[in-house]
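Student: Need the 3D shape of this:
(chains A and B)
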Number of protein chains: 2
Amino acid sequence: MPQFLTTDESDFESRFAAFLTTKREDAPDVDEAVAAIIADVRARGDAAVIELTERFDRFSPGADGLAFTQAEIDAECAKVAQSERAALELAADRIRAYHTRQMPEDASWTDATGATLGWRWTPVSAAGLYVPGGLASYPSSVLMNAIPAKVAGVERLVVTVPTPDNVVNPLVLLAAKIAGVDTVYRVGGAQAVAALAYGTETIAPVDKITGPGNAFVAAAKRRVFGKVGIDMIAGPSEILVIADAENDPDWIAVDLLSQAEHDESAQSILITPDAAFGRAVADAVEKRLETLERRAIAGPSWRDFGAVITVGDLDEAAELSNRIAPEHLELCVADPEALAEKTIHAGAIFLGGWTPEAIGDYVGGPNHVLPTARSARFSSGLSVMDFLKRTTLASMTPAALKAIGPAAETLAISESLEAHGLSVRARLDRLNEETP
Amino acid sequence: MPQFLTTDESDFESRFAAFLTTKREDAPDVDEAVAAIIADVRARGDAAVIELTERFDRFSPGADGLAFTQAEIDAECAKVAQSERAALELAADRIRAYHTRQMPEDASWTDATGATLGWRWTPVSAAGLYVPGGLASYPSSVLMNAIPAKVAGVERLVVTVPTPDNVVNPLVLLAAKIAGVDTVYRVGGAQAVAALAYGTETIAPVDKITGPGNAFVAAAKRRVFGKVGIDMIAGPSEILVIADAENDPDWIAVDLLSQAEHDESAQSILITPDAAFGRAVADAVEKRLETLERRAIAGPSWRDFGAVITVGDLDEAAELSNRIAPEHLELCVADPEALAEKTIHAGAIFLGGWTPEAIGDYVGGPNHVLPTARSARFSSGLSVMDFLKRTTLASMTPAALKAIGPAAETLAISESLEAHGLSVRARLDRLNEETP
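Tutor: From the prediction side, this is the model:
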């Protein structure tokens, strides 16, 4: 049974606070093992990567086989059904169109002192995208990571994907091809992250690593952070649906299940002003769970971490939503735009009953890599910005230095940083000599 | 002696590679102590914070005294000289003007299918700024952290600053006041970071923590990352000056020393196409070091980590600069704009001989919190973006769902995520019923 909460009950606050802090995931502590793998790859390069692949993925790529050849990629891609290829291409086009609009602009202006100021965005030179193998090998995630990198202008974009028993998901290779990935390596785990961060004879190092992975991959990304940039460390998926009674309970039920089926630690929450509607949705979830293919995953997720919360009105719903700060937020109400104005902490908002969250996972256009575990309070989903960095620019004229240099000197002296002050003073003295 | 390198020497590549990877800082491992402090503050709140302040800062604030009162702040601010106050205000105005231009825009558009897409930026609700006490207590850093937060629209902005022996730097309080900080707490160390992240009876938790600190503060920020957002963990400061022979060697010398005086681990590098000029600058540095107040810091920094690199031409200089990816880059050449086009990895660029880096530390306008240790390859300086997060928005019409929903269903099925597919299919079926 999911939790049923109602804001007008006297113990609501304590139950909701406990619900908010329920720990949903105990990541195994693999840090020591990961440290050893990274050290091994740094020390022995390809040889270590190949041995670790033999051990964990049960095949030997050999140094020549670490990267897929173009012929191998073409052969795998040929296995993909035309309908799937067309769907991937439609998704790629829409993701590209959305992310192209995210490109930030450079700026440059001259202020009243004559100082020219501004900034400039440039792409990261090389990026590596980790793609999981096995169950969580999602071609959609390849598009969601690779396309923003390409839009940003990353010069060299590579993928690493584990291929246990030397078997690869052809859709992953096709998605990489569609997205414009340069090279795909058949390597996974912490060894792939180490190779991307430090480089080997075959795998050149990158500057930024993104993409999801298991506990080993997450620990490795944490460890190489600083040497390279990383995206977020994502937790289990979440959805919050705010829905009034004017919705089909079954639609809302499958929306809740679409996150629950990801992972037993996923979380699906319904907030509704109508208690009877809430019960109807919970009933519809149970009915769908009877036949759902992934009921062994979605069932425990819904029962252990799901919740139906009845509120007095939509303002109360917005307030709770902001405390939850959900990864995905569906607003199935009469005026979703008005409610969206009030739900200020969320990774992605889906407005209205015709916008199931799954649209955003695949073809909507916005990114599906989003902040989890309440981190939407302070962070954003993946975007082109993750593959760009900003350099600030400043250029003084003698007049500008004369206008603002003395203040810099004063502050430098107040901070006991004499050389800072002298670097300004030396120039001001020259100006004073020239124009006494 | 700093290193003298010349690109036309046969061993240049190996010497430069070794120079690039020289480790400049051995941070003490304080992680266990920090973990204990955080656990203590989480368990005992104010009582733990007060005891730790008694132990480390040698005075007892009491729960009532954790925050400075307005009267205390006013009394301290009254001690500041008028010239310093005016300089801080000029700096604040310029920093505010620059960062106001950084505010990103929301977007919303309707595409050919009828889908409305976009994104929205909202501020982090509450932010905490850590300000070091003692030697590295820089009022300019208060402005550089607090003003972007205020420009972003952060509702509650607080400062924590250790005040050993109950002594505070009045300039820090004045800078906080000018920047619009709401509350200043006289707490430092890991206990301050823990209080900001988890909250105590007196100190409400924040969503984002920024600001520099010692090894304890850095370790605490790493540990609370995820619970709250943090800015970068900054390493020792760096400057790279690319200068031709048309410069006054003494100007370049003080520019190099303005970073060297920060820290014995700081790094100052000159790249020049003129070997004689390089030697003249090195001589000028030695001469300035004879009398510099902080020669005991700047001297070791320059001798242990400084370098003068002679190159064949400015293209070669740009290439080396990109491998160094410096925090600060001064371009003292005839056409700095042209060279800036080629130096693509840098935190901040200062163009032309009239733009000493120290201008950027105080009054230029751009932020002085910048990526160190080669991380300018993949990250940016502090900005209003650090205090904002982006929510993506999507709204489908029935027609839009009809146009792109089937592709989402196809991809969901190919990823074995049945409920994802069903959430689209349930709606498509309704549309097909309605318009057979």
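
Student: does A:Val41 really touch A:Tyr198, like I thought?
Tutor: Yes - with contact defined as Cβ atoms under 8 Å, A:Val41 reaches A:Tyr198; the gap is 6.5 Å. Glycine gets a C-beta too; all of them are placed from N, C-alpha and C.

Student: Between the two, which has more neighbouring residues?
Tutor: Between A:Val41 and A:Tyr198, A:Val41 has the larger neighbour count (other Cβ atoms under 10 Å in any protein chain shown), namely 29 against 18.

Student: Assign that one to helix, strand or coil.
Tutor: Put simply, A:Val41 is helix when judged by DSSP: H, G, I helix; E, B strand; the rest coil.

Student: give the contact list for it.
Tutor: By Cβ atoms under 8 Å, 6 or more residues apart in numbering or on different chains, the contact set of A:Val41 is A:Ala48, A:Val49, A:Leu52, A:Gln191, A:Ala194, A:Ala195, A:Tyr198, A:Thr200.

Student: Count the neighbours of the second one for me.
Tutor: It stands for A:Val49. Look at A:Val49: counted by other Cβ under 10 Å, it has 28 neighbours.

Student: Am I right that it is in contact with A:Ile203?
Tutor: Yes - using Cβ under 8 Å, A:Val49 is in contact with A:Ile203, at 7.4 Å.

Student: Which neighbours do those two have in common?
Tutor: A:Leu66, A:Val187, A:Ala195.

Student: which one of those has the most neighbours?
Tutor: A:Val187 (31 neighbours).

Student: How about A:Ala197, nearest residue that isn't a chain neighbour?
Tutor: Setting aside the residues directly before and after it, A:Ala197 is nearest to A:Val224 in space (Cβ to Cβ, 6 or more residues apart in numbering or on different chains), at 3.8 Å.

Student: let me redo that: A:Trp121
Tutor: A:Leu388 (4.8 Å).

Student: Report the contact partners of the residue in the stretch 201-350 of chain A that chain B sits nearest to.
Tutor: Closest approach between the stretch 201-350 of chain A and chain B, counting by Cβ to the nearest Cβ: A:Gly229, at 3.4 Å. Going by Cβ under 8 Å, 6+ apart, A:Gly229 touches A:Val124, A:Asp207, A:Lys208, A:Ile209, A:Asp386, B:Ser375, B:Arg377, B:Phe378, B:Ser379.

Student: thought the fifth one was touching A:Asp231?
Tutor: Read it as A:Asp386. Yes - the pair A:Asp386 / A:Asp231 is scored as a contact, 5.8 Å apart, by Cβ under 8 Å.

Student: then stretch A:283-290 to CSV, C-alphas only?
Tutor: Extracted C-alpha coordinates of stretch A:283-290, given in CSV (Å, rounded to 0.1, in the frame of the first residue of the first chain):
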residue,chain,number,x,y,z
ASP,A,283,-7.4,1.5,-7.5
ALA,A,284,-6.4,2.0,-11.1
VAL,A,285,-2.8,1.6,-10.3
GLU,A,286,-3.5,-1.8,-8.6
LYS,A,287,-5.5,-2.9,-11.6
ARG,A,288,-2.7,-1.9,-14.0
LEU,A,289,-0.2,-3.7,-11.8
GLU,A,290,-2.0,-7.0,-12.3
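
Student: Quick one: mean pLDDT for that stretch?
Tutor: In this model, stretch A:283-290 has a mean pLDDT of 98.

Student: what about it, near chain B?
Tutor: Yes - Stretch A:283-290 is in contact with chain B by Cβ under 8 Å from any Cβ of the partner chain, via A:Arg288.

Student: Show the model's pLDDT score for whichever residue of the stretch 1-150 of chain A sits closest to chain B.
Tutor: Going by Cβ to the nearest Cβ, chain B is nearest to A:Ala87 of the stretch 1-150 of chain A, at 3.9 Å. pLDDT recorded at A:Ala87 is 98.

Student: hang on, it packs against B:Leu411?
Tutor: Yes - at 5.0 Å, A:Ala87 counts as touching B:Leu411 under the criterion of Cβ under 8 Å.

Student: sec struct for the spatially most central residue of chain A, please.
Tutor: Nearest to the geometric centre of chain A sits A:Val369, at 3.4 Å (Cα atoms, centre = their mean). When classified by three-state DSSP, A:Val369 comes out as coil.

Student: Same check on A:Ala220?
Tutor: A:Ala220 ends up helix, using three-state DSSP.

Student: Surely it touches A:Leu196?
Tutor: No - taking contacts as Cβ under 8 Å, A:Ala220 lies outside contact range of A:Leu196: 9.3 Å.

Student: Skipping its backbone neighbours, what lies nearest A:Ile147 in space?
Tutor: A:Ile95 (4.8 Å).

Student: quick one, longest helix in chain A?
Tutor: Ranked by number of residues, the top helix in chain A under DSSP state H is helix A:82-100.

Student: Quick check: buried residues in it?
Tutor: Residues of helix A:82-100 classed as buried by neighbour count (16 or more other Cβ atoms under 10 Å in any protein chain shown): A:84-85, A:87-88, A:90-92, A:94-99.

Student: Relative to B:Glu13, which of the residues you listed is nearest.
Tutor: A:His99 (38.0 Å; Cβ to Cβ).

Student: And A:Leu329, which helix or strand is it part of?
Tutor: In this structure, A:Leu329 sits in strand A:328-332 according to DSSP states H and E.

Student: Summarise which helices and strands whatever helix or strand comes next after that strand is packed against.
Tutor: Per DSSP H and E, the first helix or strand lying C-terminal to strand A:328-332 is helix A:336-342. Helix A:336-342 is packed against helix A:314-324, strand A:348-351, with contacts defined by 3 or more Cβ pairs under 8 Å, 6 or more residues apart in numbering or on different chains; DSSP states H and E.

Student: Now do helix A:336-342: distance to the chain's middle.
Tutor: From the chain centre to the centre of helix A:336-342 is a distance of 24 Å (Cα atoms, centre = their mean, to the nearest Å).

Student: buried ones in it?
Tutor: Going by 16+ other Cβ under 10 Å, helix A:336-342 has these buried residues: A:Pro336, A:Leu339, A:Ala340.

Student: And the pLDDT at the closest residue to the first one other than its chain neighbours?
Tutor: For A:Pro336, the nearest residue in space outside its immediate sequence neighbours is A:Leu351; the separation is 3.9 Å by Cβ to Cβ, 6+ apart. Per-residue confidence for A:Leu351 comes out at a pLDDT of 98.

Student: Please give me every residue in contact with A:Leu351.
Tutor: Counting by Cβ under 8 Å, 6+ apart, A:Leu351 touches A:Leu331, A:Pro336, A:Glu337, A:Ala340, B:Thr116, B:Leu393, B:Ala394, B:Ser395.

Student: can we see that at 7 Å?
Tutor: Counting by Cβ atoms under 7 Å, 6 or more residues apart in numbering or on different chains, A:Leu351 makes contact with A:Leu331, A:Pro336, A:Glu337, A:Ala340, B:Leu393, B:Ala394, B:Ser395.

Student: I'd like to know the beta-bridge partner residues of it.
Tutor: A:Leu331 (DSSP bridges).

Student: returning to what we had before: which residues do A:Asp386 and A:Asp231 both contact?
Tutor: With Cβ under 7 Å, 6+ apart, A:Asp386 and A:Asp231 have common neighbours A:Thr210.

Student: What does A:Pro61 show for phi and psi?
Tutor: Dihedral pair for A:Pro61: phi -70, psi -30, per degrees, to the nearest 10.

Student: actually A:Gly278, sorry about that
Tutor: Dihedral angles for A:Gly278 - degrees, to the nearest 10 - are phi -60, psi -40.

Student: so it sits right up against A:Val311, yeah?
Tutor: No - the criterion here is Cβ atoms under 7 Å, and A:Gly278 misses it with A:Val311 at 9.8 Å.

Student: tell me the SS of A:Pro132?
Tutor: coil.

Student: Number of residues surrounding it?
Tutor: Neighbours of A:Pro132 under the rule other Cβ under 10 Å: 20.

Student: In chain A, where is pLDDT below threshold?
Tutor: Counting by pLDDT under 70, the ranges of chain A that qualify are A:135, A:435-436.
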